[in-house]
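Engineer: dropping a prediction and its sequence here:
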Amino acid sequence: MDNNQKFLKIMEENLVPSLGCTEPIAVAYVAAVARDHAEGEIKELLCEASVNIVKNAASVCIPNTDGRCGVALAAAVGAVGGVSAKGLEVLADLNKDQVAQAVKLVESGIATAAVSENPSKLYVKIKLKTEKDTVITAIDNGHTNLVYVEKNGEVLLDKSVSAADDKSEHDDLYSILNLQSIYEYGNTAPLEDLKLPKLAIELQTAICAEGLKNGYGIQVGKTMKEMVDKGYIAYDMASNAAMWAAAGSDARMAGCSLAAMSNVGSGNQGITNLMPVIATAKYLNIESEEKLIRAVTVAALVTIYVKSSLDKLSPVCGAVTAAVGAGCGIVYLMDGTVEMMEMVVKNVIGDVAGMFCDGAKGSCALKVSTCVNAGVHAALLALNGHYAQYTDGVVGVDAAQTVSNFARLSKEGMNAIDGVILDIILKKEQ
């Protein structure tokens, strides 16, 4: 496999259209797979999920459910109306009758949820009992990475035994990622290979436009636009990018029925990563579609590069890593250099590295807005040769060391945060 093929595979693994927040969608997906293997009326449906999944699925609206939320409900709608073949768009065809059935399963105590003891940060197990069958399904380390299927005591799939081999193959594939290789790929990749970045432009633009037009969630993006129109906020490159991206997050977190292009398992990360580049091209009147597609490609791959050093679900807000990619995409769009992209990495991580994830919810749009501003400002500083210094906090001597320090901060320094946040969230429900 040559480098071009490797980059394509990396994008195919990470740039995936997603309807709704990916954590409740992951729960729905696993439940839908279980239902594929079971016949008859549902008698018991138990979802056991990792702390990070529960944290991100507890408060965010599930698509096509009229604003409802909850881990147990996500499992129920997946089992009743999910189409597993659609992956992260598993609930695209969900209808009101199916929602009503799912609500009854939750209200009757048939569908329940619990925190799993599995140490993986991204893990969901479903146990489904019907009149005829008992099925167990599970994903691990990927929102649709199915690792286990058991039906009536017979194991149909068990990928856990090959986890070490999978990790070795993954590490080998992703070892090609660095700022120089990404920059060169952005310049030289055949345009016909960049279908996913092109689709991302269409999807992100549509859902962000929807968020600006209609009132979703706490309306961060829409309100910013109104304040710009009134003259309360200046209309500049940063505010334009922030209001577009925040509007997309507003819509997604409120259960909008439009899909977004997720990146590294997160739709908000995909929006924060790519919409600022798209919005900046509009702001600067850059008419070349090819230039925009290549800039979006660079932005997406830089985010994948940074995120590959972290867990897929980590204590750090995904908007931080996405802002690094957005800033590098903007630098590329504005004819900057690899050296300037390195400055962006230092600037963003030197700015918002400590922003933690306290679950998926409507106010994620606030963090999206903050991080987009950080990404745009980081790019503008870099384009003028200014960057956070090696002597400053977690910033390293180069981009690679800065990313390594950032990963250590997440894995070691913020290790206890998820449990504390989940405890706070669960106590709110009592």
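Structural biologist: That came in fine, so what should we check first?

Engineer: for the stretch 101-250 of the chain, which segments are assigned as strands?
Structural biologist: All strands of the stretch 101-250 of the chain, identified by DSSP state E, counting those that start in this stretch, fall at 111-115, 123-130, 134-140, 146-151, 154-158.

Engineer: out of those, flag the one nearest residue 340.
Structural biologist: With CB to CB, the closest approach to residue 340 among the strands of the stretch 101-250 of the chain belongs to strand 134-140: 38.2 Å. The way it works is simple: take the backbone N, C-alpha and C, and place the C-beta from them, glycine included.

Engineer: partners of the closest one in the sheet?
Structural biologist: Sheet pairing for strand 134-140, assigned by DSSP bridges, gives strand 123-130 (antiparallel), strand 146-151 (antiparallel).

Engineer: quick one: the strands of the stretch 101-250 of the chain as CSV, columns for mean pLDDT, mean neighbour count and distance to residue 229 too.
Structural biologist: Formatted as CSV, those follow (pLDDT from 0 to 100; neighbours: other CB atoms under 10 Å; distance: least, CB to CB, whole Å):
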stretch, mean pLDDT, mean neighbour count, distance to residue 229
strand 111-115, 96, 20, 43
strand 123-130, 97, 23, 43
strand 134-140, 97, 23, 44
strand 146-151, 96, 18, 47
strand 154-158, 95, 11, 54
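
Engineer: tell me which of these sits nearest to residue 334.
Structural biologist: Proximity to residue 334 (CB to CB) singles out strand 134-140 among the strands of the stretch 101-250 of the chain, at 39.6 Å.

Engineer: worst-scoring helix or strand of this protein, pLDDT-wise?
Structural biologist: Across the helices and strands of the chain, mean confidence by mean pLDDT, DSSP states H and E is lowest for helix 163-174: a mean of 68.

Engineer: ok so, going back, and the strands paired with strand 134-140: which comes nearest residue 368?
Structural biologist: Of all these, it is strand 123-130 that lies closest to residue 368, at 24.9 Å by CB to CB.

Engineer: hmm, back to that, as CSV, the strands paired with strand 134-140 with distance to residue 283 would be great.
Structural biologist: Shown next, in CSV, are these (distance: least, CB to CB, whole Å):
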stretch, distance to residue 283
strand 123-130, 40
strand 146-151, 42
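
Engineer: report how many residues lie close to the closest residue to residue 315 other than its chain neighbours.
Structural biologist: Among residues not flanking residue 315 along the chain, residue 414 sits closest, at 3.9 Å (CB to CB, 6 or more residues apart in numbering). Using other CB atoms under 10 Å, residue 414 has 17 other residues around it.

Engineer: can you pull the contacts of residue 414?
Structural biologist: With contact set as CB atoms under 8 Å, 6 or more residues apart in numbering, residue 414 has these partners: 314-316, 356.

Engineer: list the contacts of stretch 377-385.
Structural biologist: Contact partners of stretch 377-385, identified using CB under 8 Å, 6+ apart, comprise 237-238, 323-324, 326-328, 330-331, 334, 336, 340-341, 343-344, 347-348, 351, 387.

Engineer: for residue 53, phi and psi?
Structural biologist: When read as degrees, to the nearest 10, the backbone of residue 53 gives phi -70, psi -50.

Engineer: with adjacent residues omitted, what lies nearest to it?
Structural biologist: Here the residue nearest residue 53, using CB to CB, 6+ apart, is residue 23, at 5.1 Å.

Engineer: re earlier: right, and the pair among the contacts of residue 414 with maximum separation?
Structural biologist: The widest separation within the contacts of residue 414 (CB to CB) is 9.3 Å, between 314 and 356.

Engineer: who has more neighbours, those two?
Structural biologist: Neighbours per residue, other CB under 10 Å: of residue 314 and residue 356, the larger number sits with residue 314, 24 against 16.

Engineer: local confidence estimate at the more buried one?
Structural biologist: According to the prediction, residue 314 has pLDDT 83.

Engineer: re earlier: show only the entries of the contacts of stretch 377-385 found in helices.
Structural biologist: Among the contacts of stretch 377-385, the ones falling in helices (DSSP state H) are 237-238, 323-324, 326-328, 330-331, 340-341, 343-344, 347-348, 351.

Engineer: centre-most residue in the protein?
Structural biologist: Nearest residue to the geometric centre of the chain (CA atoms, centre = their mean): residue 266, 0.9 Å.

Engineer: that one and residue 260: what is the separation?
Structural biologist: Look at residue 266 and residue 260: by CB to CB, to the nearest Å, they are 9 Å apart.

Engineer: same thing with residue 55?
Structural biologist: Taking CB to CB, one finds residue 55 at 20 Å from residue 260.

Engineer: go on, residue 93?
Structural biologist: As for residue 93, its distance to residue 260 is 18 Å (criterion: CB to CB).
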